[in-house]
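> all I have is the shape, not the residue letters:
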């Protein structure tokens, strides 16, 4: 047999060339995928949804992170809890639908029954020696950041979630996630490794050639550029954009809306970035006409011209908070070559479809953009399969955040696996 | 790379905790599945069908056990034989349909021809040095237990088949399998490891909550219960059921129908259990109205109120012999996470559909029950995939036969693999 | 765990029994499939199509050999070039359709642009330190044998392509491939290992029982036979066929058409065989009525009664050059158990469908034959999966070329892997 000993993951991590895309095994190898699931998705805070997914006591949402199924429950005291979705008797999956409302959590196999805090309260025929107290549901860490729900599968979760919450919270709070509802959710399966989905999200170098809808509200000069390649006309426009950004930040912050960039994408364990960006045209929303898609603004906002507050978290989310709605994305790896992209569009909970907003208009920009990105992820996955693939150079002007994603990934893997 | 050395199977077997469900790798690992196929399905007697599947000389039935395809043939002397379904020339599969009738077994590739005893009788162009006598079909052990067909793929088959046949034979004989016909066969693919299918069959703790049809003829008290959990009303009913069981056994044995329990489910290599159980309502059959589904009773039986003779064999079958029909089940593993459940409904060979029996009525209880069980197997398979799964406790009152199945499995694996 | 150490490939190669089909792992093992792709398809000349697939400057054809995607391009100087179909930036697949026409090769992800000689001529935002010259497309060896295109993925390609070209060229040249067009192409996925597809092609022992269409133009006696099994009638006919073959060869060679057998199927690295064979009936073509399917003959040919020039190359092609059309086949492995068979029917480039030829008539014999062969490959793959499979003997009279295929395969694998 040929020598098929896999290159050790540690060596691949150690040898990764800065400023270049990752070696192919990071996109292809089932073994590295397992390591990703164990280290990245098993020991970090993973964004999975929003409080409005489980608005009332007894509401349950199931999220699968790799092979781990988690039930997120709002208990009778209105507290959000998360449990492993596995019965402690014969191991049956407990909750089957993505969303449901229950009184207790009852296993359909032999009717073992757990209350909403996870205690086993009923199990027939088990005899006098059986201890109910030892057979409650296994808990999972869950935290809400102003309504954004993060879970961590590890026994001990990274402590710097608090720091992220403290710094990001004031940016997000004015959009009042808790007072929204999910107007629409769409799951698509992208034909590529989850890291290609993330890398694609972390640059807009590809936007001009691929996203005709998204580039209506988004300013081209916000994507980065090579100054030395610019002609006079470009230079003037880029300068104008720079001024606009500064002006708007000052205005918005005066209105009580924190707007300036924070970038901790490769400097924290629970890593994130945020910035409020002005939009083109009417400057109100991620819509084809750049106007608010929903008449009812979020929270106590009265001005729709707030641009878009963008938030990115490692390893698996990004979010756009507009004045009138929120679009929030989570990436859930399925296997080495397929990833689920889950997108939720949130509007004010009192907004009425057909009256306050037209659903097709609300979702049109990002529904189209997601499909375009999915194809791009697919052609990168195809390319990575070729033995001729080799890591290529990132643009220092337009792909800095891709590089930060890779740096964070390599750093976190190395921290857990050793060198 | 993380340490992915699989826990050795021997250690998993050695460490299995009595009274608890098996560790997850037994339901998931492709390597353990291969070991199961080699040890359990490769070296034990496997139930595959009935003599009425090949009623006439020249009739052939193909059964696949894992990757091994076997042709079961009734030869010209009316003897049942089994052969590996592989041509000895270029290795083509020889017989393609599940059921067929042939004069000889002819390979469609180059027309090599074998008679029904497996001898190569024709092979063109092979030249003068070719020895036909060395290229006959490879035989497989096959035995009939009162019409139930068992095969063994090993060179040497377990010798205690004779003991099972001697002890089970008198129970089954009155139902005269050889004089039946297959009224209906249904194959379903259950989304779980074959052991989950077997475990599910070995208890009725789940019946009350899941099998509304089956629990019409079956007595709830026959499924086991925890005496200390019973109230006065329950206790009276359970006692009544105990008396009924004793009375019926005495009556039936007086009529020449052996009825009392034999349980060798974890005490023999060729392991089995049997008992004739009274039925509820009219007490005649596994039907929705508890009456015989077929007017023509089996064999020489004249009384339909015989309850149901149940037979279980390790590793892969169960059977219910009623006065009017037989339902017989075989489990054929497909891969670590999928299993074929094959069910055949047998009636007297002279019974006429539409006259003596209504097919929909005949099959309705078990067709529904199988579909319900398949879902239950599926949710256990889903649960076992979670890293949070851990073996849970069996009820000492209602899951004793599941424990015996696991004990037999662990014992047989250990006997072949060593400790 | 059972001992699952795979038998080393070298040992399997060393122990292969001459005159017998290969051991099962050669048809089943994903590891051996990977070795096949690396050694056989990675280091030998692979037939992939014809010059008329890319008739004009800017025409591109994509061919996938295992995981390696190759773009075959006709550049602006009319030269045929081949490149790895992977962008040097982020590794995206560059060309997506099997056939297209382009000015330059532009990656749709970030618009990196390569000219038709593979040079990177445009890459935005990459900054002043970026070297375009180091990021051109990676070239692949490509050669044309009188219009038949072969590529080699290795850095250094086998040198004896020249010898094959020199010896085969004169046989093929009169059919003038370059002046044809692809009238029809059909891809089918055969459910078997690529070696089973090749073995099936290398004998006609199976033709009589399986190919009612193909055996109309093909002479049965051309397939080989066991002389000692023949009766007087057979002997007379076989002798007659031998005379016909000799006569025709003399006639055709006098007309300037080399016709006599050359067989280097297991004696060269770039191995091949050819022979011009008389046809039955009207003797013109591989058609149901044995007449030319296209009125316009190939090249400068004026006589349609030329039989069929057959060409076989290792590891993956065969071709039939008739007076009026060409049928050309390439086998492209997909995985251990599936192979793509690509068939192209070529006619004179000026022939007009519906006027000079009827497409259904042109393709009918080989379309039917391919489907029949695909089923035969499938039943061999099924048989090889059985643990009961063992290598069987080849007929010394009818399966000599199968044996040569296996010898070449074993020889080439051994040459690269050592003993």
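Structure's in. What do you need? Nothing here was measured: the structure is a model prediction, and the numbers come from that model. Residues are numbered from 1 along each chain as shown, chains lettered A, B, ... in the order given.
> pull the contacting residues for the closest residue to chain B within the stretch 1-150 of chain A.
Distances between the stretch 1-150 of chain A and chain B by Cβ to the nearest Cβ are smallest at residue A:84, namely 3.5 Å. Backbone N, C-alpha and C define where each C-beta goes, glycine included. In this structure, residue A:84 makes contact with A:68-71, A:137-140, B:386, B:388, judged by Cβ atoms under 8 Å, 6 or more residues apart in numbering or on different chains.
> so residue A:273: helix, strand or coil?
Following DSSP: H, G, I helix; E, B strand; the rest coil, residue A:273 is assigned to strand.
> correct me, but it touches residue A:401?
Yes - with contact defined as Cβ atoms under 8 Å, residue A:273 counts as touching residue A:401 (7.3 Å).
> now do the shared contacts for the two.
Counting by Cβ under 8 Å, 6+ apart, the common neighbours of residue A:273 and residue A:401 are A:265, A:312.
> which elements pack onto whichever strand or helix holds residue A:170?
Here residue A:170 sits within helix A:161-172, counting by DSSP states H and E. Contacts defined by 3 or more Cβ pairs under 8 Å, 6 or more residues apart in numbering or on different chains; DSSP states H and E place helix A:161-172 against strand A:139-145, strand A:148-152, strand A:272-277, strand A:308-313.
> anything in the second one near chain B?
Put plainly, it is strand A:148-152. No - judged by Cβ under 8 Å from any Cβ of the partner chain, strand A:148-152 makes no contact with chain B; its nearest approach is 12.7 Å.
> paired strands for that strand, with orientation please.
Sheet pairing of strand A:148-152 (DSSP bridges) gives strand A:46-50 (antiparallel), strand A:139-145 (antiparallel).
> most tightly packed of those strands?
Of all the strands paired with strand A:148-152, strand A:46-50 carries the top mean neighbour count, a mean of 24, counting by mean count of other Cβ atoms under 10 Å in any protein chain shown.
> so what does the helix or strand that that strand is followed by touch, helix or strand wise?
Moving toward the C-terminus from strand A:46-50, the next helix or strand (DSSP H and E) is strand A:59-65. Judged by 3+ Cβ pairs under 8 Å, 6+ apart, the packing partners of strand A:59-65 are strand A:46-50, strand A:68-74, strand A:99-101, strand A:326-335.
> which residues sit against the first one?
Spelled out, it's strand A:46-50. Residues from elsewhere that reach strand A:46-50 (Cβ under 8 Å, 6+ apart): A:61, A:63, A:65, A:70, A:72, A:147-153, A:177, A:180, A:182, A:313, A:315-317, A:328, A:330, A:342, A:344, A:346.
> taking strand A:68-74 as reference, get the angle to it.
Interaxial angle, strand A:46-50 versus strand A:68-74 (axes from the mean of the first three to the mean of the last three Cα atoms, to 10 degrees): 40 degrees.
> and strand A:46-50, how far from the chain's centre?
Mean-position distance between strand A:46-50 and its chain equals 7 Å (Cα atoms, centre = their mean, to the nearest Å).
> just want the angle from that strand to strand A:326-335.
Using the same axes, to 10 degrees: strand A:46-50 against strand A:326-335 is 130 degrees.
> which of the residues in stretch A:121-132 are buried?
Going by neighbour count (16 or more other Cβ atoms under 10 Å in any protein chain shown), the buried part of stretch A:121-132 is A:123-126.
> tell me the residues of the stretch 151-300 of chain A that contact chain C?
Contact residues, the stretch 151-300 of chain A versus chain C (Cβ under 8 Å from any Cβ): A:199, A:205-206, A:209-210, A:224-226, A:228-229.
> quick one: buried ones out of the contacts of strand A:46-50?
With burial judged by 16+ other Cβ under 10 Å, the buried subset of these is A:61, A:63, A:65, A:70, A:72, A:147-153, A:177, A:180, A:182, A:313, A:315-317, A:328, A:330, A:342, A:344, A:346.
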